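K.L.:
coords below, sequence missing:
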């Protein structure tokens, strides 16, 4: 069982993370990008049953903490490797 550090849910059994905001290194709070949104790695997917290959989030839900597909809401690069 893999638990998300943001929402404390089992990542493989829930629809997605429930935490909608993130505080970046600049100290500001940002709205997170949902799976399937225009800025997301999975943009263009329309199957509501499509899951993120890394964290298991469904389209329309937030990726889980540490997901390699989550985009930074500030720079739009991969969140786990950006400097924001």
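P.N.:
Cool, got the structure. Remember, it's a predicted structure, so these values are computed and weren't measured experimentally.

K.L.:
residue 41 touches residue 69, doesn't it?
P.N.:
Yes. The pair residue 41 / residue 69 is scored as a contact, 4.2 Å apart, by CB atoms under 8 Å. (C-beta placed from N, C-alpha, C; glycine too.)

K.L.:
find the residue at the geometric middle of the protein.
P.N.:
With distances taken as CA atoms, centre = their mean, the chain has residue 63 as the residue nearest its mean C-alpha position (2.3 Å).

K.L.:
now do the phi/psi pair for the residue nearest to that residue when sequence neighbours are not counted.
P.N.:
Distance criterion CB to CB, 6 or more residues apart in numbering; nearest residue to residue 63, sequence neighbours excluded, is residue 70 at 3.8 Å. The phi/psi pair for residue 70 (degrees, to the nearest 10) reads phi -70, psi 130.

K.L.:
residues contacting residue 70?
P.N.:
Residue 70 makes contacts with 32-33, 41, 55, 62-63, 78-80, as judged by CB atoms under 8 Å, 6 or more residues apart in numbering.
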